[in-house]
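**Student:** please find the sequence and the predicted model below.
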Amino acid sequence: MLLPLVKKDFLLVKKYLLFLLIFTAVAPVYLSFPITGRQR
């Protein structure tokens with residue numbers, strides 16, 4: 001009864017971690033572009 005619940009939680013965490021990983025990889029690049037665009 002407890003195992004499927006943990007499995008479901010693990011899948012949710014995996015999805016969240018993947019989203020977090022993509023966000024941390026893209027965010028700095030996405031935020032740096034407008035700044036470099038303004039300087040020129």
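**Tutor:** Here it is on my side, so go on. Numbers count the residues shown, from 1 in each chain.

**Student:** quick one: distance of the strand or helix carrying Lys14 to the chain centre.
**Tutor:** Assigned by DSSP states H and E, Lys14 belongs to helix 2-39. Distance of helix 2-39 from the chain centroid (C-alpha atoms, centre = their mean, to the nearest Å) equals 0 Å.

**Student:** helices or strands next to that helix in the packing?
**Tutor:** Using 3 or more C-beta pairs under 8 Å, 6 or more residues apart in numbering; DSSP states H and E, no helix or strand is in contact with helix 2-39. For the C-beta atoms, the positions are set from N, CA and C on the backbone; glycine is no exception.

**Student:** any low-confidence regions in this protein?
**Tutor:** 1, 34-40 (pLDDT under 70).

**Student:** can we see that at 80?
**Tutor:** For the chain, the stretches flagged by pLDDT under 80 are 1-2, 33-40.

**Student:** can you tell me which residue is nearest the centre of it?
**Tutor:** Leu20 (1.9 Å; C-alpha atoms, centre = their mean).

**Student:** state the distance from it to Ala27.
**Tutor:** 10 Å (C-beta to C-beta, to the nearest Å).

**Student:** cool, and Leu18?
**Tutor:** 15 Å.

**Student:** neighbours of Tyr30, how many?
**Tutor:** Per other C-beta atoms under 10 Å, the neighbour tally for Tyr30 reads 10.
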